[in-house]
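J.: this one's structure only:
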């Protein structure tokens, strides 16, 4: 018996990391085990008060039922307060905030809410692969826009405006950028919002990295008139070390929040209430939490710079976020070759930039989500196995 896969999946491949992790698992049958510096899954725990809030609320007898699709009022208020405190953005917690079971689901929700066959969506190259996958699954067409080192990994909005945008319905942007670590400026934010308005394009900003090694967290919603054109996703995965907890949020004007909710309400049955109460606690943490977190990442980043120097890469020391993006040395065809050489010779896995799009082919990406001792071991292996 054969059942044919739906057409929507025929152009969607298995996620690169899913396949590579299987290979690494097979390699780990022999020693030494592979050091994984590829995936940005925080290795540090949340604040103890967050774990305690989960434990306390999970022990109550009345917190285990289905929850509302919009999240509990306490969580929506905590999100709005967090946006006010750190981004200086005013949100109505009742109408302009939608908690999500991770922001990755929000990417799909937005695409499925607004896109269909015949529509186009602007997707960054290089960029987070999920943008491309979600657009494809919606039936719409991906329209790449280039990000280049020469333009500080920002889109050339003037060039885009001169192209035919008549079928473009939304644009995915992500700053601080993953994978490049580039920051956006307030000047760019204003220009982006004007671009969206002028071309009737919904700007979808994915913003999970704004607190990591970044002194000035930026939300596009800070800008005047942004709510007329911007939907913003955010997450506690990186900023609060809660990746596996799956707590995200969508912020924007009430009309769009309600439209996305129409799709979301058909996909889940709400977030576990004790998780929501723990998220409230995480959102209440002060600046000292982020300062402590960034002190750790700063030390790790120095180790990554040392590792990249051994391989012969070049990189921008001012990049932010949870990764370091680096240009490969001359003599290699692409980042896949560098990644595989380091994996098979040194048993250290780093991410080839090409998985993020063709403009990433000449780059690699290293995660900061390992202890300094692990980076020291990776450096030691590379010193002894890679000839420079």
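T.: Nice, I can see it. Quantities reported herein were computed from a predicted structural model and do not represent experimental measurements. Numbering: from 1, shown residues only.
J.: Stretch 33-48: end-to-end distance?
T.: Distance across stretch 33-48, first residue to last, is 31 Å (CA to CA, to the nearest Å).
J.: average model confidence for that stretch?
T.: The pLDDT scores in stretch 33-48 average 93.
J.: domain parsing for this structure?
T.: Domain ranges of the chain: 7-45+288-385, 62-283, per automatic domain parsing.
J.: Report the buried residues of stretch 143-150.
T.: By neighbour count on 16 or more other CB atoms under 10 Å, the buried set for stretch 143-150 is 143, 145-147. The way it works is simple: take the backbone N, C-alpha and C, and place the C-beta from them, glycine included.
J.: rewinding a little: turn the domains of the chain into JSON lines, columns for distance to residue 51.
T.: Below are these laid out as JSON lines (distance: least, CB to CB, whole Å):
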{"stretch": "domain 7-45+288-385", "distance to residue 51": "7"}
{"stretch": "domain 62-283", "distance to residue 51": "7"}
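J.: Where among those domains is average confidence lowest?
T.: Here the lowest mean pLDDT among those goes to domain 7-45+288-385, at a mean of 92.
J.: and that domain, how far out from the chain's middle?
T.: The chain centroid and the centroid of domain 7-45+288-385 are separated by 16 Å, computed with CA atoms, centre = their mean, to the nearest Å.
J.: likewise stretch 249-257?
T.: Distance of stretch 249-257 from its chain centroid, counting by CA atoms, centre = their mean, is 19 Å.
J.: Could you give me the buried positions within it?
T.: The neighbour-count criterion (16+ other CB under 10 Å) identifies 249-253, 256-257 as the buried residues of stretch 249-257.
J.: Identify, out of the domains of the chain, the most deeply packed stretch.
T.: Greatest average neighbour count among the domains of the chain goes to domain 62-283 (a mean of 19), per mean count of other CB atoms under 10 Å.
J.: Can you give the contact residues for the lengthiest helix in the chain?
T.: Once the chain is assigned using DSSP state H, the helix that runs over the most residues is helix 287-311. Helix 287-311 is contacted by residues 37, 44, 47, 211-213, 239, 241, 315, 317, 322, 324, 326, 328-329, 338, 342, 366, 368, 370-372, 375-376, 378-379, 382-383, 386, 388 when judged by CB atoms under 8 Å, 6 or more residues apart in numbering.
J.: among the residues you listed, which are in helices?
T.: Short answer: the contacts of helix 287-311 in helices (DSSP H) are 338, 342, 372, 375-376, 378-379, 382-383.
J.: For the closest residue to residue 219 other than its chain neighbours, which residues are in contact?
T.: Spatial nearest neighbour of residue 219, chain neighbours left out: residue 87 (3.9 Å); criterion: CB to CB, 6 or more residues apart in numbering. Going by CB under 8 Å, 6+ apart, residue 87 touches 217-219, 221-222.
J.: Kindly indicate which of those lies nearest residue 361.
T.: Taking CB to CB as the measure, residue 361 lies nearest residue 218 of the contacts of residue 87, at 28.4 Å.
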